[in-house]
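Chemist: fold the following and give me the result.
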Amino acid sequence: MSSFRNQRIVVCSLFLPSTVVVGSDTPIATPELKPPPFSVPDVLQHVDAATKKPVRPGLPTARPSIIDDLLKANSRRPTPASTPHQESLNPFSKAPLTRKHNSDHRSRVQRKPSSSRSSSRRPESPRGIRDEWHIEHNAHCNGGLRNAIVSMGDKLKKKLWVGTVGTSTDSFTEPLRRAVDKRMLVEQSCLPVWIPDAEFESCYDEFCHQVLWPSLHYAVPDAPKTKIYYETESFKQYVAVNQRFADAISANYQDGDIIWVNDYHLMLLPAMLRASPNIPAHAPIGFFMHVAFPSSEIFRCLSVRRPLLSGLLAANLIGFQTANYARHFRQTVSRIMAYEALPRGIQVSEGEGESRRIRFVDVGVFPMGIDVQQLEEKKREPDVGEWVQVLKQRYAGMKIVVGRDKLDEIQGVRQKLLAFQAFLEKFPEFQQKVVLIQVALQTTASDLAGNIADIVTHINSRFSTLTYQPVVFLPTQDLTFSQYLALLTVADAFLVTSLREGMALRTHEFVECQEGRHRPLILSEFTGSYTYSGFRSCIAINPWDTRGTAAAINQALTMSDDEAHSRWVDLHSHVSTQTGQAFVTGFLSRCVRSHTEQHQQSDHCAPTLDMSRVLPRYKHSSKRLILMDLEGTLWMRPKNGLVADEDAKLDRALDVLRHFAADARNDVWLLSGLPIAGVIERIAQEVPRIGIVAENGCFIRPKTQRRSSSMNSLRSPSILEPINTATLPGGWINMVSSFNLTWKSSCIEILNYFTERTPGSFVEERGASVVWRFWTGETLEDCGDRQWALRQAAEAQNHIFDSLGERYGLRIIPGDNSFLVLPNNVSRSTAVGAILHPGGPAQNRLTRGGWDAEDNTANGDLDLILAVSGDEKLLRRLNEFDTAETVATSGKATDAKWKLDVGNCKVVETLEVFANVAV
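Modeler: Here you go, the predicted model:
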């Protein structure tokens with residue numbers, strides 16, 4: 001964490017934590033809540049008077065909240081003869097607790113169901129924009145992110161927020177914008193991004209919330225409604241908004257900045273920052289997705305899927321709320337981009353053939369939390385205690401179920417209300433004894449609000465009496481935080497019925513507010529919170545199962561105190577440890593570490609092999625370990641996979657191997673991905689005095705050795721025998737003998753299905769792995785057939801990974817024209833580890849302290865390890881040895897000391913020089 005004290009964190013989010021209000025006569029109060037202008041005893045004195053308020057005709061038994069009347073009476077406003085049509089059924093009155101002001105502050109944020117212009121884009125008032133302006137809290141900002149960063153305190157002294165102010169800005173003059181920029185930077189550490197209203201509206205209201213938001217939450221947008229957003233300007237405006245962010249960050253970038261991009265509004269930003277000439281390539285960039293990420297079946301429906309994924313993959317680290325979302329992302333990238341997905345991240349392949357470069361992008365899981373310490377301080381404020389007493393007085397003798405959700409389809413408010421209705425029907429003994437207080441945050445102008453209002457009216461009309469109303473629905477954002485905490489404190493259950501959600505931080509707040517009562521949490525299994533073991537002590541529900549949710553409400557309200565306390569302890573343990581501070585620290589630490597590792601690899605480009613330096617060392621070494629690849633190094637395999645009986649290039653490779661093996665100072669190992677049968681078998685017969693690794697480490701054949709009684713005489717291969725007792729004929733050791741290989745038949749069946757639909761492709765079954773060659777053409781140009789083959793390959797990889805990958809622990813390695821499926825924990829690197837390890841399966845009598853007596857060699861006494869390979873992971877591992885000379889034959893050679901061009905037989909010619917050194 002100390003490294004962050006000297007680095008500035010650039011936090012990029014669509015909305016800044018602070019906004020600008022122009023033309024207000026009275027600046028709004030700070031976010032700190034002011035004490036109400038009345039006391040609880042004053043309120044309780046009016047209980048009798050307030051309960052006499054008449055019921056509105058037309059609503060049979062529904063009536064407004066008593067406390068609403070109490071506070072209205074306290075404000076000395078007479079109770080109307082009938083309830084006005086717009087009057088809320090809010091048990092809290094906002095008038096005494098908040099100060100109203102006459103402001104021209106126009107909300108810029110509104111989710112819309114149609115493409116019509118937002119109602120927030122109104123013409124300016126006749127008086128125009130005044131020069132007076134002030135800064136206040138931005139209600140549209142990501143509250144969880146803001147609170148988490150603020151909770152870091154002095155640990156993040158240097159930070160810069162980059163985002164929009166969240167209000168219409170077209171009428172802001174240039175002098176006003178400059179004044180806002182200066183003051184926001186000095187007072188709030190904020191950098192406003194100025195975006196034209198029409199451009200922002202199209203990006204946010206149309207593309208983000210009509211296309212991206214539903215898709216990320218498993219609701220595929222309706223094609224007739226969203227087709228216009230793909231074919232018109234909405235995605236172009238999304239690109240333009242991301243570019244404006246990139247330009248603003250580039251203009252204010254300082255060396256050493258850590259750039260943290262947040263949420264789906266800015267998915268293109270990492271790639272744009274990488275393309276900026278003002279931001280160095282070594283700048284650390286992290287991206288965090290605060291919402292859910294769907295399976296590949298959903299995300300692939302987006303027509304702009306590839307640009308979005310490419311934008312994200314430019315970051316050093318991509319973070320998600322849960323392991324499921326991270327897995328979905330890796331599978332989506334593997335399926336759509338055809339990159340290799342590993343448990344820790346993505347192997348991004350850039351370029352093709354000899355120019356291919358591999359770049360690793362970390363993918364991690366970072367659950368967000370709350371600031372527990374700040375919440376504890378808020379709970380102790382007098383306001384909270386007063387409202388707790390008011391609520392207890394108002395709902396004495398009743399059970400209270402509380403919910404708080406955004407008013408959109410994803411949050412499942414409709415499902416919650418239907419489940420509560422079913423609960424009252426199924427358990428009539430709770431009628432007039434339980435109330436649901438639902439706080440709904442207005443986010444959209446869709447028909448959903450009207451539909452929910454109808455359900456609320458229906459429930460209240462069925463079950464209300466003169467003194468009882470089962471549902472108190474609060475479609476307002478004016479509920480103060482003290483009132484909200486009081487609700488959580490007196491609640492007998494908290495109900496979350498989200499259809500899909502990231503981390504439901506309101507459940508964390510409920511758990512902390514229940515420290516004295518320990519009442520249960522009812523949580524949808526489709527929330528990110530439920531995936532963590534600490535939240536498995538909740539009452540899990542499927543929000544689509546109305547009867548099951550109704551039963552869960554009954555279980556919560558009838559749960560014994562002992563069971564409720566036991567469940568609460570587990571919930572509290574998770575909430576108190578996975579805090580907002582832990583989230584920020586974990587993400588930034590991983591981002592810096594990922595950047596450092598990736599930068600060290602990408603910044604190093606190995607020079608061409610200098611024979612004048614390496615050859616003398618080779619000549620004067622007496623104990624050498626020679627490791628070299630077959631395919632792509634010694635020999636270029638035909639693209640169709642078929643090897644002719646007379647192959648001049650293979651004969652030349654065999655000659656090089658014979659010369660290496662003839663030198664008694666050499667311990668030679670050939671590394672290959674080919675199966676034993678065929679070329680490898682021929683090499684083992686013709687050059688028996690070398691060790692061979694086949695199928696990328698699945699099988700190892702130690703070199704054969706002359707009998708000790710005939711050490712000084714050259715014998716024919718027939719009297720040579722393997723050093724080890726092997727598990728397969730021919731001296732081969734099966735490194736995957738304990739693995740379950742029954743997956744191969746299912747894998748081949750899947751690949752045969754795709755082979756029938758991909759011209760020229762074929763399946764290559766090996767001993768412990770399977771290869772599918774989906775392209776055997778002579779060119780790598782992007783012709784139509786090749787594009788089809790690439791799409792089929794991506795589909796096949798995704799299908800194999802989904803159905804077999806996790807179950808059997810498989811790894812898929814994609815190539816230019818094929819991909820390989822093999823067990824996850826097997827590679828050429830692990831095979832070399834077995835070769836080097838004293839007592840490993842590839843050595844003889846090592847348990848007695850050394851190699852074979854004839855070789856007179858021990859691992860610790862090696863003078864030289866010469867490795868010539870295209871496997872950079874292997875080369876990186878070998879670089880840990882001081883005696884190693886690693887030579888890369890593919891890619892950028894970022895993990896090797898030297899590199900060789902595989903073209904024009906330069907690798908073979910160079911190896912011939914080493915092999916022909918006089919003994």
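Chemist: give me the helices and strands touching the helix or strand encompassing Pro616, please.
Modeler: Counting by DSSP states H and E, the element that carries Pro616 is helix 611-619. The helices and strands touching helix 611-619, judged by 3 or more Cβ pairs under 8 Å, 6 or more residues apart in numbering; DSSP states H and E, are strand 864-869, helix 906-915. For the C-beta atoms, the positions are set from N, CA and C on the backbone; glycine is no exception.
Chemist: the first one packs against which elements?
Modeler: With contacts defined as 3+ Cβ pairs under 8 Å, 6+ apart, the packing partners of strand 864-869 are helix 611-619, strand 624-629, helix 872-878, strand 884-888, helix 906-915.
Chemist: put together CSV for those, with mean pLDDT on each row.
Modeler: CSV is the format used below for the helices and strands packed on strand 864-869 (pLDDT from 0 to 100):
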stretch, mean pLDDT
helix 611-619, 91
strand 624-629, 93
helix 872-878, 86
strand 884-888, 91
helix 906-915, 88
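Chemist: what are the buried residues along stretch 148-162?
Modeler: By neighbour count on 16 or more other Cβ atoms under 10 Å, the buried set for stretch 148-162 is 148-149, 151-152, 156, 158-162.
Chemist: before we move on, the earlier item: report the inter-axis angle for the helix holding Pro616 versus strand 624-629.
Modeler: Angle, helix 611-619 to strand 624-629, by axes from the mean of the first three to the mean of the last three Cα atoms, to 10 degrees: 120 degrees.
Chemist: just the local confidence number for Ile67, please.
Modeler: Per-residue pLDDT puts Ile67 at 39.
Chemist: try Leu523
Modeler: Leu523 is given a pLDDT of 95.
Chemist: quick one: Arg652 and Val908 touch, right?
Modeler: Yes - proximity of Arg652 to Val908 meets the contact threshold set by Cβ atoms under 8 Å, at 6.2 Å.
Chemist: what sits against Pro543?
Modeler: 412, 415-416, 419, 497-499, 524, 526, 549 (Cβ atoms under 8 Å, 6 or more residues apart in numbering).
Chemist: Phe510 too?
Modeler: So Phe510 contacts 402, 488, 491, 494, 521 (Cβ under 8 Å, 6+ apart).
Chemist: would a markdown table of the residues you listed with distance to Ser769 and secondary structure be doable?
Modeler: Formatted as a markdown table, the contacts of Phe510 follow (distance: Cβ to Cβ, whole Å; DSSP: H, G, I helix; E, B strand; the rest coil):
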| residue | distance to Ser769 | secondary structure |
| --- | --- | --- |
| Val402 | 55 | strand |
| Leu488 | 55 | helix |
| Ala491 | 56 | coil |
| Phe494 | 51 | strand |
| Leu521 | 47 | strand |
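Chemist: surely Val679 is in a strand?
Modeler: No - in this structure, Val679 is helix, not part of a strand, as judged by DSSP: H, G, I helix; E, B strand; the rest coil.
Chemist: so Ala552, which state does it fall into?
Modeler: Under three-state DSSP, the three-state class of Ala552 is helix.
Chemist: look up how far Asn142 lies from it.
Modeler: 30 Å (Cβ to Cβ, to the nearest Å).
Chemist: one more: Ala834?
Modeler: Taking Cβ to Cβ, one finds Ala834 at 50 Å from Asn142.
Chemist: quick one: which of the two has more around it?
Modeler: Asn142 (21 against 17; other Cβ atoms under 10 Å).
Chemist: coming back round to it: got the helices and strands packed on strand 864-869 as CSV, with distance to Val333 columns?
Modeler: Conversion of those to CSV gives the following (distance: least, Cβ to Cβ, whole Å):
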stretch, distance to Val333
helix 611-619, 39
strand 624-629, 27
helix 872-878, 19
strand 884-888, 25
helix 906-915, 32
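Chemist: how about the helices and strands packed on helix 611-619 in CSV, adding mean neighbour count?
Modeler: CSV is the format used below for the helices and strands packed on helix 611-619 (neighbours: other Cβ atoms under 10 Å):
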stretch, mean neighbour count
strand 864-869, 24
helix 906-915, 18
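Chemist: give me the residue at the spatial middle of the chain.
Modeler: Phe320 (3.0 Å; Cα atoms, centre = their mean).
Chemist: who is it paired with across the strands?
Modeler: Val365 (DSSP bridges).
Chemist: check contacts around it.
Modeler: By Cβ under 8 Å, 6+ apart, the residues touching Phe320 are 288-289, 293, 326, 329, 363-366.
Chemist: which residues of the stretch 401-550 of the chain score low on pLDDT?
Modeler: 443-447, 475-478 (pLDDT under 70).
Chemist: helices of that one, residue ranges please.
Modeler: 413-426, 448-463, 481-490, 505-513, 546-557 (DSSP state H, counting those that start in this stretch).
Chemist: show me what the third one is packed up against.
Modeler: Identification of packing neighbours for helix 481-490 by 3+ Cβ pairs under 8 Å, 6+ apart yields helix 372-379, helix 382-394, strand 399-406, strand 434-441, helix 505-513.
Chemist: and that helix, how far from the chain's centre?
Modeler: 32 Å (Cα atoms, centre = their mean, to the nearest Å).
Chemist: ok and the helix holding Pro616 relative to helix 906-915, angle-wise?
Modeler: Going by the same axes, to 10 degrees, helix 611-619 is angled at 40 degrees with respect to helix 906-915.
Chemist: pull out the buried residues from helix 611-619.
Modeler: Across helix 611-619, burial judged by 16+ other Cβ under 10 Å covers 614, 618.
Chemist: now swap in stretch 588-599 and tell me
Modeler: Those buried within stretch 588-599 under the rule 16+ other Cβ under 10 Å are 588, 590-592, 594-595, 598.
Chemist: and which of the contacts of Phe320 is nearest Ile748?
Modeler: Minimum distance to Ile748 across the contacts of Phe320 is 28.3 Å, recorded for Phe329 (Cβ to Cβ).
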